[in-house]
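A.B. asks: quick one: sequence plus predicted model below, questions after.
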Amino acid sequence: MLFPVLAGTAAAAGIGVSIYAAYRPESQIYGATIVAGPNPSQVALTYDDGPNPDATPQLLDVLARHEVRATFFMVGSFVKAQPELARRVAAAGHLIGNHTLTHPNLAITSSPETRRQLAETNNILEQTLGQKIRFFRPPFGVRRPATLRIARELDLVPVQWNVAAQDWNPATPQQLLDRLERGIAKNRQKNQASNLLLHDGGPLGLGAKRMPTVEATALLLERNIRNLTFVTPEIWA
Ligand SMILES: [Zn+2]
């Protein structure tokens, strides 16, 4: 009975590695992704799942007040529904990336469908904004080797994160701020920059309630605009 036990353990370990490689945002096992660079005073604010008429305009006001450039990974179907808002984000000078057409879990999406999700969103963004899209963030940070190969074939550089505000769960702005500042402090101890995952929208549709995220952003900038340098992940590419 020894062999099946060992085989079972090895299989379990293999599954563990696969899950780590597919789901852990910072893993490089399935291919290189941008996480963050070595300068601990650099922080990237990144917002996924927009554009969202219920939070993106307010967020743009906060970022403009502090003259900070952020990154928005947009959902293609939402850009199609809100082209003016997407153009407003671009006109404010922020970096815009591809976050797929309908926000699927790409670990279980076929290769042809993955290609369609990325290529159609590139087309929508490029037609709406008149600019080439270079960066991509997989929904939930989840990918498999084919996901990264398809992204590469479309000239898209995958971007992950190393601090999550976890703003997909209900939280107060102060709770979100605490998570962000704790994450930044932890990365500083490791001499690493911080790439913050936030959300100005939600994957289920337009109108997600993201004002706590907008308010947490305002607090973070008010408290740290002098001691941190706000960047976009381009700087780490
Ligand atoms: Zn997302």
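C.D. replies: Happy to help now that I have it.
A.B. asks: what residues does the chain put near the ion?
C.D. replies: Residues of the chain lying close to the ion (Cβ under 5 Å from the ion) are Asp48, Asp49, Pro139. Where you see a C-beta, it was placed from the backbone N, CA and C, and this is true even at glycine.
A.B. asks: burial measure for the last one, as a count.
C.D. replies: So the one you mean is Pro139. Pro139: 21 surrounding residues under other Cβ atoms under 10 Å.
A.B. asks: who's in contact with the closest residue to it other than its chain neighbours?
C.D. replies: Closest residue to Pro139 apart from its sequence neighbours, by Cβ to Cβ, 6 or more residues apart in numbering: His103 at 4.6 Å. By Cβ atoms under 8 Å, 6 or more residues apart in numbering, His103 lies in contact with Asp49, Val75, Pro139, Pro203.
A.B. asks: wasn't His103 part of a strand?
C.D. replies: No. Assigned with DSSP: H, G, I helix; E, B strand; the rest coil, His103 falls outside any strand and is coil.
A.B. asks: report all helices and strands that the longest strand seen in the chain contacts.
C.D. replies: Longest strand in the chain by number of residues (criterion: DSSP state E): strand 42-50. Under the contact definition 3 or more Cβ pairs under 8 Å, 6 or more residues apart in numbering; DSSP states H and E, strand 42-50 sits against helix 56-65, strand 71-74, strand 194-199, helix 211-224, strand 229-231.
A.B. asks: is it possible to get a markdown table of the contacts of His103 that adds distance to Glu153 and pLDDT?
C.D. replies: Listed next are these as a markdown table, based on distance: Cβ to Cβ, whole Å; pLDDT from 0 to 100:
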| residue | distance to Glu153 | pLDDT |
| --- | --- | --- |
| Asp49 | 25 | 98 |
| Val75 | 21 | 98 |
| Pro139 | 19 | 97 |
| Pro203 | 25 | 96 |
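A.B. asks: partner residues bridging the residue of the chain found nearest the ion?
C.D. replies: Of all residues in the chain, Asp48 sits closest to the ion, at 4.0 Å by Cβ to the ion. Listed beta-bridge partners, Asp48: Phe73, His199 (assigned using DSSP bridges).
A.B. asks: wait, doesn't it sit right on Ala208?
C.D. replies: No. Using Cβ atoms under 8 Å, Asp48 is not in contact with Ala208, being 10.8 Å away.
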